[in-house]
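Trainee: With the sequence up front, the predicted model follows.
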Amino acid sequence: MLQRLYIHNFKTFQNFELKPQGKHSSLLLGKNGAGKSSVAKALQRIFPHNLCHIYLNQ
């Protein structure tokens with residue numbers, strides 16, 4: 001289970017921290033250009049062979 005995600009100097013993020021609340025977090029909401037896809041791509045780099053899937057719909 002992901003407890004904390006910290007992104008430094010990746011795409012548009014300089015210092016970004018995400019602490020999911022609860023046991024399962026599966027949704028990122030935000031305006032266009034907010035960085036939702038960048039967070040998903042960072043997670044794909046961290047967990048490239050994970051059993052869970054990250055879907056990007058652009």
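Mentor: Perfect, I can see it now.

Trainee: where's the spatially most central residue of the chain, which helix or strand?
Mentor: For the chain, the residue nearest the mean C-alpha position is residue 39 (3.1 Å; CA atoms, centre = their mean). Element membership for residue 39, per DSSP states H and E: helix 36-46.

Trainee: From the contact counts, what lies against that helix?
Mentor: The contact analysis (3 or more CB pairs under 8 Å, 6 or more residues apart in numbering; DSSP states H and E) places helix 36-46 against strand 5-10, strand 13-18. C-beta: built from backbone N, CA, C; applies to glycine.

Trainee: And the worst-scoring helix or strand of the chain on mean pLDDT, what's buried?
Mentor: When each helix and strand of the chain is scored by mean pLDDT, DSSP states H and E, helix 36-46 comes last, with a mean of 86. Residues of helix 36-46 classed as buried: 36-39, 42-43 (neighbour count, 16 or more other CB atoms under 10 Å).

Trainee: right, so of the helices and strands packed on helix 36-46, which gets closest to residue 48?
Mentor: The closest of the helices and strands packed on helix 36-46 to residue 48 is strand 5-10. By CB to CB, the value is 15.1 Å.

Trainee: Just the angle for the closest one relative to helix 36-46, thanks.
Mentor: 100 degrees (axes from the mean of the first three to the mean of the last three CA atoms, to 10 degrees).

Trainee: Strand 5-10 pairs with which strands, and in what direction?
Mentor: Strands that pair with strand 5-10, judged by DSSP bridges, come out as strand 13-18 (antiparallel).
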